[in-house]
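# Need a 3D model of the sequence below.
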Amino acid sequence: MFGLNAGGGIRLFDREFGVERWHGPGHESRFGVFGPPTAVPPVAADGTIYAAIPGTEHVVALNASSGRERWRRSPGDELHRPAVRGGRLFAVNWPHRASAYVAETGERLWQAELPEQMVLPPTATSDGVVVPERTGITALNASDGSVRWRFDHDGNATEGAAAVAEGRVFVQSAGGDGALHALDLETGEEYWSAPVRGEGTPVVADGVVYAGAHDELVAVDAADGRVRWRYDSRLPLSTPAVGDGVLYAVAHDRIVALEEDR
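The predicted model follows:
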């Protein structure tokens, strides 16, 4: 992991030097048969960086300014990006396990077993955490890890995370007849589903859900599931980002920007 100065470093001969502030912890990630482990994006919250270290079973908390390690825990193998909210850190890992820790100290609060073996990155809510799985999604209580509800979409999702906004959970099911599902955050009841092939992480902004599926981007009305428009890039698209009325996505070696009223 590397911590960089956002404003760059020393400028000399039209080049920037010294942008790295710190790096760590540990050594370079070990290589396997298929190359180095996939880097899991870190999470920043209240002056601390929380991250799953690639190629290990460890989650660490680092001082954002210095990179100093505050605590380290080992929830298990194949860790995804953790989620942080309300003073708690949530981590999921193979096989079918979810854990919660005190964000400040790393003390484990609870550990829960989920019914599906393949679990995906968690999303923290105001009083719980939702964990997508291959064939559904489960909502757990933040206090003790007990199951609040589970929704089975009968898909085959192997990538992506859920989005939570305006009291609803949005998740893509993938599979042959893939769909984007809108669920009630409190009960798990389905409000609507919209045809979105493939899998990914939905993004919600200004009452619209943007769902990517390989080379296609679909804009869906968050209230009723009506498809507003579809964009075919003919190239694989990244998870989109929305700001100031413009949607951005990476498509291979270029960046695509779409206007709000497209």
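# Residue 52 - how many residues pack around it?
26 (other C-beta atoms under 10 Å). Yep, even glycine has a C-beta here, placed from its N, CA and C like the rest.
# I'd say it and residue 82 touch.
Yes: contact criterion C-beta atoms under 8 Å: residue 52 and residue 82 qualify, at 6.5 Å.
# Overlap in contacts, the two.
59, 91 (C-beta atoms under 8 Å, 6 or more residues apart in numbering).
# Contact partners for the residue lying closest to residue 195 once chain neighbours are set aside?
Counting by C-beta to C-beta, 6 or more residues apart in numbering, residue 195 lies nearest to residue 179, which is 6.0 Å off, once chain neighbours are set aside. Taking C-beta under 8 Å, 6+ apart as the criterion, residue 179 is in contact with 153, 155, 172-173, 193-196.
# Residue 162 too?
Here residue 162 is in contact with 123, 130, 132, 137, 169-171, 201-202 (C-beta under 8 Å, 6+ apart).
# likewise residue 234?
residue 215.
# quick one: which helix or strand includes it?
Assigned by DSSP states H and E, residue 234 falls within no helix or strand.
# Also residue 140?
Counting by DSSP H and E, residue 140 is found in strand 136-141.
# Need the contact partners of that strand.
The contact list for strand 136-141, computed with C-beta under 8 Å, 6+ apart, reads 98, 112, 114-116, 125, 127-131, 146-154, 162, 169, 171, 183, 185, 188.
# Could you name the helices and strands sitting against the next helix or strand after it?
Using DSSP H and E, the helix or strand that follows strand 136-141 in sequence is strand 147-152. Contact analysis of strand 147-152 by 3 or more C-beta pairs under 8 Å, 6 or more residues apart in numbering; DSSP states H and E lists strand 136-141 as its packing neighbours.
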